[in-house]
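Colleague: Show me the folded form of this:
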Amino acid sequence: MAGSYKNFMKLLESWPLDKSKAGSDLGQHIRDQLRIAFSKGEATNQPNPEQCNRYYSSLKKISSNYYGQLYKRSLLSTASGLNREDCNLALTPEVRKYLAEEDNGLFNRLRWTLEYYKK
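Modeller: Got it, this is the predicted structure:
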């Protein structure tokens, strides 16, 4: 079965954790969900093996960048005009905290983010 506990654990070995995204890291969320789903390890009964197989298949495609390779991007910018590095900076905990405290428009927030990190 593709969605077995051992296969999920092998998949997680190749899934990096991003310590800078505490509380919003996809890799950590997946680990937490698997810890709940397979609380007894390999001995856990799977209530829905088809769904488990679908989850495994989807996570494997995400971790291997299947669709990123299948549909190559022709542009290196985003709809906001920011590049990858600027987008990563905008998602840091400091910026998220600022955005939660301030009630500015989207473009004011993005401008503040860029000014903050270019200092």
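
Colleague: Off-centre distance for the longest helix seen in the chain?
Modeller: Longest helix in the chain by number of residues (criterion: DSSP state H): helix 49-63. Relative to its parent chain, helix 49-63 has a centroid offset of 15 Å by Cα atoms, centre = their mean, to the nearest Å.

Colleague: for the protein, which spans come out with low pLDDT?
Modeller: Low-confidence segments of the chain, defined by pLDDT under 70, are located at 1-3, 40-47, 77, 102-109, 112, 119.

Colleague: tell me the domain ranges of it?
Modeller: The chain breaks down into these domains under the TED database: 1-72, 73-118.

Colleague: need these in CSV with mean neighbour count, can you?
Modeller: C-beta coordinates here come from the backbone N, C-alpha and C atoms, glycine included. CSV is the format used below for these (neighbours: other Cβ atoms under 10 Å):
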stretch, mean neighbour count
domain 1-72, 13
domain 73-118, 12
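
Colleague: In this protein, which residue is most central in space?
Modeller: Note on the chain: the residue nearest the mean C-alpha position is Leu26, at 3.4 Å, using Cα atoms, centre = their mean.

Colleague: Perfect, I'm done here.
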